[in-house]
Structure formats: C-alpha cells, structure tokens
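Undergrad: need a 3D model of the sequence below.
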Amino acid sequence: QVQLEESGGGLVQAGSSLRLSCAASGNIFTIKNMAWYRQAPGKQRELVAIITSGSITDYADSVKGRFTISRDNAKNTVYLQMNNLKSEDTAVYFCNALITITTPLGSRTFWGQGTQVTVSS
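TA: Predicted structure coming up:
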C-alpha cells in the first residue's frame with residue numbers, strides 16, 4: 001500500500017510563513033501529479049496548488065504570489081511554502097498524489113490525513 005504523511009501545520013499570526021511537507025511511501029512505481037488541497041470549516045475542499053511530474057505548477061487565484069509548491073522526486077516528497085499567510089488561509093490542508101503502484105499494477109489517487117493550519121489575525 002501507499003501512505004502520504006503530512007507535516008508542518010500549526011498556529012501562526014497573519015503575515016507569517018509555514019512550510020508543509022508530504023512524504024509518500026510504500027509500493028510506489030512512479031508518482032505523477034502531486035497537489036495540496038484545503039478544507040475550511042463549512043466549506044468544500046478546494047485545490048490550492050498542483051505540480052506535475054515535470055514540475056509544471058498551477059495555483060488557486062487566492063494563493064498566487066504567496067504560496068509555492070515544489071517536489072523532491074528522490075524523496076517522493078511535495079512541499080508547500082506558504083508566505084504572507086492570511087486568516088482566510090485557515091483550513092485543514094491535505095496532500096494528494098496520483099501514484100502508479102506495483103501491486104496490483106495501476107494508478108490511483110491517494111490522500112494524506114490532513115494537517116491543520118490556523119492563522120490568527
């Protein structure tokens with residue numbers, strides 16, 4: 001099986017920075033897209049940022065210029081650098097990855113358990 005383990009969430013003041021990490025482990029053949037989603041209380045889960053296997057990135061309009069997604073393919077890890085955090089960034093952040101696994105052979109989408117980010121104003 002495959003596990004996605006997130007870390008780096010916490011409570012910070014507005015204007016601060018946080019860096020989230022998500023490491024994938026298990027019977028991985030290759031990792032295609034990796035992404036970060038977030039879900040605020042009472043709202044639907046939304047895509048924050050995505051990065052392809054070729055490191056092409058895209059962002060939600062609300063975080064462009066403040067957040068940066070990156071990946072380390074050797075470590076099967078994706079990062080989300082969050083700068084100039086705002087109270088509206090408060091949410092549970094989930095890691096997502098499209099992974100080709102070896103047993104059984106095929107591609108599936110996996111999710112992390114989520115990490116809380118709280119920004120106080």
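Undergrad: please name the residues that touch the residue nearest the centre of the chain.
TA: By Cα atoms, centre = their mean, the chain has its centre lying nearest to Trp36, at 2.8 Å. By Cβ atoms under 8 Å, 6 or more residues apart in numbering, the contact set of Trp36 is 20, 22, 47-50, 69, 78, 80, 93-96. Where C-beta positions appear, they are placed from N, C-alpha and C, glycine not excepted.
Undergrad: report the buried members of the residues you listed.
TA: Leu20, Cys22, Val48, Ala49, Ile50, Ile69, Val78, Leu80, Tyr93, Phe94, Cys95, Asn96 (16 or more other Cβ atoms under 10 Å).
Undergrad: so of the residues you listed, which ones are in strands?
TA: If you go by DSSP state E, the buried ones among the contacts of Trp36 have Leu20, Cys22, Val48, Ala49, Ile50, Ile69, Val78, Leu80, Tyr93, Phe94, Cys95, Asn96 in strands.
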